[in-house]
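1. structure for this input, please:
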Amino acid sequence: MTPLKISMEQLIALHSFFAEAVGVSEAGLTRICGSETEIDVLEIRCSNLGEFAETGLRLSEDMIAGVMGRVEGAMPGSLNLVVEPEEALAWAEASHGSDLLATFVALGHEVLDGMTCALADVLDSPATFCDARLVEEPELSMLVKTHAPSDTIVFSARLRIAIRGELVIAHSHLLVEPKCLPRLLSALSAASH
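-> Predicted coordinates for the structure are as follows:
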């Protein structure tokens, strides 16, 4: 499999996109939590699914708590948000949810829906995030379970989520077909000029 060739300029554009994308969800998270929530993108990486085990940006090789669903429309694929189980619990508790699992899924859904809205905006084409569900398994298993081919592109972002003095480190992975990469990079380039 040919390694992905992403220039430094393209990585910077992807980082800016992910920063804006998670920013879209901050107002919704603040509404759910009843307190201001901030999300920062610490790192981004792009790899093929077949190389993800060696080169992908992973949170853990152990069990993680995640919210996963599909992106339909402008750039169909899968999108997830993964967090260490202890941090997922702390995030849900800091949000004062009565049902912690449902609260965690609602928080994850809000982040992923915001990312999908930003994707639709930059591509100037409709996109929706759907079928959000809780997933508890190793991160790599979660991605492989999508049955995506090994050349599927995985955009990964390491996020820092701050709420009520709690800091949560999360990762988000967007899986799309290889033919989508040039379209996204082109749209990001046009948006920056």
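2. ok now the top helix by length along the chain, how far from the chain's centre?
-> For the chain, the longest helix by residue count, based on DSSP state H, is helix 8-33. With C-alpha atoms, centre = their mean, to the nearest Å as the basis, helix 8-33 stands 10 Å off its chain's centre.
3. does anything pack onto that helix? Which helices or strands?
-> strand 37-48, helix 100-123, strand 153-163, helix 180-192 (3 or more C-beta pairs under 8 Å, 6 or more residues apart in numbering; DSSP states H and E). To be clear about C-beta, it is placed using only N, CA and C from the backbone, and glycine gets the same treatment.
4. try it again with 6 Å
-> Secondary-structure packing of helix 8-33 (3 or more C-beta pairs under 6 Å, 6 or more residues apart in numbering; DSSP states H and E): strand 37-48, helix 100-123, helix 180-192.
5. let me know the average pLDDT across the shortest one.
-> Summarised as a single mean, pLDDT over strand 37-48 is 92.
6. and what of the last one?
-> Along helix 180-192, the predicted confidence averages to a pLDDT of 81.
7. okay, buried residues for the longest helix of the chain please.
-> 10, 13-14, 17-26, 28-29, 32-33 (16 or more other C-beta atoms under 10 Å).
8. and what of stretch 53-71?
-> In stretch 53-71, counting by 16+ other C-beta under 10 Å, buried: Gly56, Leu57, Arg58, Leu59, Ile64, Ala65, Gly66, Val67, Met68, Gly69, Arg70, Val71.
9. in strands only, show me these.
-> Ile64, Ala65, Gly66, Val67, Met68, Gly69, Arg70, Val71 (DSSP state E).
10. kindly indicate which of the buried residues of stretch 53-71 lies nearest Ala106.
-> Val67 (8.8 Å; C-beta to C-beta).
11. how near is the nearest residue to that closest one once chain neighbours are set aside to Ala190?
-> The shortest distance from Val67 to any non-neighbouring residue, by C-beta to C-beta, 6 or more residues apart in numbering, is to Gly108 (2.8 Å). Using C-beta to C-beta, to the nearest Å, one obtains 30 Å as the distance from Gly108 to Ala190.
12. any idea how far the residue most central in space within the chain is from Lys5?
-> With distances taken as C-alpha atoms, centre = their mean, Ser172 lies nearest the centre of the chain, 2.7 Å away. As judged by C-beta to C-beta, Ser172 and Lys5 stand 23 Å apart.
13. coming back round to it: avg pLDDT for the longest helix of the chain?
-> Computed over helix 8-33, the average pLDDT equals 88.
14. and it with strand 37-48, angle?
-> Inter-element angle recorded for helix 8-33 and strand 37-48: 140 degrees (by axes from the mean of the first three to the mean of the last three C-alpha atoms, to 10 degrees).
15. let the chain start at 544 from now.
-> Sure, I'll start counting at 544 from here, so that last one is helix 551-576.
16. just how off-centre is the helix or strand harbouring Leu718 within its chain?
-> Assigned by DSSP states H and E, Leu718 belongs to strand 709-719. Mean-position distance between strand 709-719 and its chain equals 5 Å (C-alpha atoms, centre = their mean).
17. sweet, I'm off.
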